[in-house]
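1. Got a predicted structure plus its sequence, pasted below:
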Amino acid sequence: MRGAVLVVAASHRRRSNSAAIGRYLAAELSRAGASVRFLDLAEGGPEGDLRQAVEEAAGCRQVVLVASLYHDAINARATAALEAWADAPKPDDPPACAAIVHSGYPEPVHTAVALAICRRFADEVGWPWRGGLTAGATSPLGGRDLREAGPVARNLRRALSRMAQALARGEEVPEEAVRLAARPALPRVLYLHLGNWMMRREARRLGTPDLDRQPYAREDAS
Amino acid sequence: MPRRAFILNGSTTPGDPPDRISVGLDRSLRDLEWHVDRMDVHWARIGPCRVCNACAFRTPGECTLSDDGREIPRLMAQADLLALVSRIRFGGYPATAKRALERTLPNVHPLFMIYRGEMHHRLRYPRRPFLLFVGWQPAADPEARHLYIRLTERNAINFQAEHRTAVLEGDLPPAELHRALAGLLRELGER
């Protein structure tokens, strides 16, 4: 096991974009000659324990966390994974650490703090930091295999390839990969209108009675 | 009508510094005749958001999970002040506090807009509470402090609300805690 790269997708649910991104990275790492382990935390349920994540990390030379953005930081499940690793007995030879934070919003400003939190984690626990990617406008991926996601995932696929090649050599995530991943596939205005069109279509499909409902409005609200 | 406050106590252990901050804040606000609701995450049953989108499409504005976390959007929507108190972990929130914060999702509208030059979700309610973020760390740590402040600024932008962030550090003897909270509330009262 020692010498393997552990890719951990930390999402609250199965068929997540985190898992899709993580699986693609794992495949690219294998192609680049690395020994890889993939772990999807959602497989253990939204409140499953994190012992396997702790055990696997202790036995690997690198850990890559893949997590979605939620309220401007990595999601709670991913945060719990960081805490579990931080609170575990310190290995003599800690793994290196990298991260990928993805978001439905296109602009990199949304994910910058989340990635900084991952880096801060690495610094606190003494895991050498290898860098990270942030990827925006990932909602259209819909949890699909990135190879089948078409042009919307082209920049991200290229970024993950470059990231994998660097990590397989024990190097840091290259700046080229960072730039590629941060480049949204669609212009923002188009993405916004497309996003709203998709949301309204979903509402019609599900027969949403009132999308603008305000069940908790205060009576004295102005 | 009295002003309403909702304190989301992100303390992980009863009696720890964030818990003492939350209890102190609660008491101080009541002394000022606020109506206060407080949810302590170390007692409350708050499951993770399932990202099921029921609150967007099936029961707009309402979570379908049957636990205490279901009340979070209501308490937030009806508050004049939302205080999130927690330890600072890796420059952000601990997982249990983050889990509670994520349960505010029903107050986020599924459609998008441009706000301050960025893409954001619309919000379900035109009225937003003032946000008070209080982070605690055991010792002075400028880097973690700075990261926490950046995080709460981003939260405030996403919630499209005014905010104030305070970082308290160290053991917080009762007199010192009382002074810190009194100063904070005085500052809020002047807004």
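-> Received, thanks.
2. and the gap between the residue of chain B most remote from its centre and residue A:13?
-> Residue farthest from the centre of chain B, counting by C-alpha atoms, centre = their mean, is residue B:58 at 26.1 Å. The gap separating residue B:58 from residue A:13 is 16 Å, by C-beta to C-beta, to the nearest Å. All C-beta atoms are positioned from the backbone trio N, CA, C, and that covers glycine.
3. Surely residue A:81 is in contact with residue A:52?
-> No. Under the criterion of C-beta atoms under 8 Å, residue A:81 makes no contact with residue A:52, lying 10.6 Å away.
4. Counting neighbours, go ahead and name the busier of those two.
-> Neighbours were counted for residue A:81 and for residue A:52 using other C-beta atoms under 10 Å in any protein chain shown; residue A:81 has more, 25 against 14.
5. what's the straight distance from one end of stretch B:125-145 to the other?
-> 31 Å (C-alpha to C-alpha, to the nearest Å).
6. Only the buried residues of that stretch, if you could.
-> Across stretch B:125-145, burial judged by 16 or more other C-beta atoms under 10 Å in any protein chain shown covers B:125, B:127-137, B:141, B:144-145.
7. Also near chain A: which of those, exactly?
-> B:125, B:127, B:144 (C-beta under 8 Å from any C-beta of the partner chain).
8. if we can go back for a sec, the residue farthest from the centre of chain B: what's it in contact with?
-> Residue B:58 makes contacts with A:206, A:208, B:64, as judged by C-beta atoms under 8 Å, 6 or more residues apart in numbering or on different chains.
9. could I get those as TSV with distance to residue A:107?
-> Shown next, in TSV, are the contacts of residue B:58 (distance: C-beta to C-beta, whole Å):
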residue	distance to residue A:107
A:206	29
A:208	28
B:64	31
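10. now those residues: which count as buried?
-> Buried, going by 16+ other C-beta under 10 Å: residue A:208, out of the contacts of residue B:58.
11. Which parts of chain B are helices?
-> Along chain B, the segments classed as helices by DSSP state H run B:17-31, B:72-77, B:95-102, B:142-158, B:174-189.
12. average pLDDT for the last one?
-> Spelled out, that is helix B:174-189. Taken as a whole, helix B:174-189 has an average pLDDT of 92.
13. With the fourth one instead?
-> For helix B:142-158, mean pLDDT is 98.
14. And that helix, what's buried?
-> Those would be B:144-145, B:147-152, B:154-158, for helix B:142-158 by 16+ other C-beta under 10 Å.
15. picking up where we left off before, between the ones next to chain A among the buried residues of stretch B:125-145, which is nearest chain A?
-> The nearest member of those to chain A, counting by C-beta to the nearest C-beta, is residue B:127 at 4.7 Å.
16. What are the phi and psi values at that closest one?
-> Per-residue torsions, residue B:127: phi -90, psi 130 (degrees, to the nearest 10).
17. ditto for residue A:108
-> Per degrees, to the nearest 10, the backbone of residue A:108 is at phi -60, psi -20.
18. Among the contacts of residue B:58, which lie within strands?
-> Counted as lying in strands by DSSP state E, out of the contacts of residue B:58, is not a single one.
19. what angle separates the longest strand along chain A from helix B:142-158?
-> Ranked by residue count under DSSP E, the longest strand found in chain A is strand A:62-70. Angle, strand A:62-70 to helix B:142-158, by axes from the mean of the first three to the mean of the last three C-alpha atoms, to 10 degrees: 30 degrees.
20. got the CA positions of strand A:62-70 in CSV?
-> Listed in CSV are the C-alpha atoms of strand A:62-70, where the atom choice follows Å, rounded to 0.1, in the frame of the first residue of the first chain:
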residue,chain,number,x,y,z
GLN,A,62,0.0,10.9,-1.2
VAL,A,63,-3.6,11.9,-0.5
VAL,A,64,-5.8,13.9,-2.9
LEU,A,65,-9.1,15.2,-1.5
VAL,A,66,-11.8,16.0,-4.0
ALA,A,67,-14.6,18.0,-2.5
SER,A,68,-17.5,20.3,-3.5
LEU,A,69,-17.9,23.8,-2.4
TYR,A,70,-20.8,24.4,0.0
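21. That strand pairs with which strands, and in what direction?
-> strand A:5-10 (parallel), strand A:73-74 (antiparallel), strand A:96-102 (parallel) (DSSP bridges).
22. In space, what's closest to the residue nearest the centre of chain B - neighbours in sequence excluded?
-> By C-alpha atoms, centre = their mean, chain B has its centre lying nearest to residue B:84, at 2.5 Å. Spatially, and ignoring its direct neighbours in sequence, residue B:84 is nearest to residue B:8 (4.9 Å; C-beta to C-beta, 6 or more residues apart in numbering or on different chains).
23. burial of the one you found, as a residue count?
-> Residue B:8, neighbours per other C-beta under 10 Å, totals 26.
24. pLDDT score assigned to it?
-> 98.
25. Return the set of residues that bridge with it.
-> With DSSP bridges as the rule, residue B:8 is bridged to residue B:39, residue B:84.
26. Spit out the contact partners of it.
-> Residue B:8 neighbours (C-beta under 8 Å, 6+ apart): B:39, B:41, B:72, B:82, B:83, B:84, B:85, B:97, B:100, B:101.
27. same deal with residue A:66?
-> A:7, A:8, A:9, A:10, A:18, A:19, A:21, A:22, A:25, A:99, A:100, A:102.
28. Residue A:190 in helix, strand or coil?
-> helix (DSSP: H, G, I helix; E, B strand; the rest coil).
29. What's the local residue count around it?
-> 12.
30. Please apply the same query to residue B:70.
-> Residue B:70: 18 neighbours (other C-beta under 10 Å).
31. How about residue A:126?
-> Neighbour tally, residue A:126, other C-beta under 10 Å: 11.
32. and what of residue B:16?
-> 14.
33. how about the nearest residue to residue 133, chain neighbours excluded?
-> No chain was given, so I picked chain A. Residue A:133 sits nearest to residue A:181 (C-beta to C-beta, 6+ apart), 4.0 Å away.
34. hmm, I had chain B in mind actually
-> residue B:152 (4.1 Å).
35. for that neighbour, what are its contacts?
-> Counting by C-beta under 8 Å, 6+ apart, residue B:152 has contacts B:131, B:133, B:135, B:163, B:165.
36. Same list (those residues) but as a markdown table, adding pLDDT.
-> Listed next are the contacts of residue B:152 as a markdown table, based on pLDDT from 0 to 100:
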| residue | pLDDT |
| --- | --- |
| B:131 | 97 |
| B:133 | 98 |
| B:135 | 98 |
| B:163 | 97 |
| B:165 | 97 |
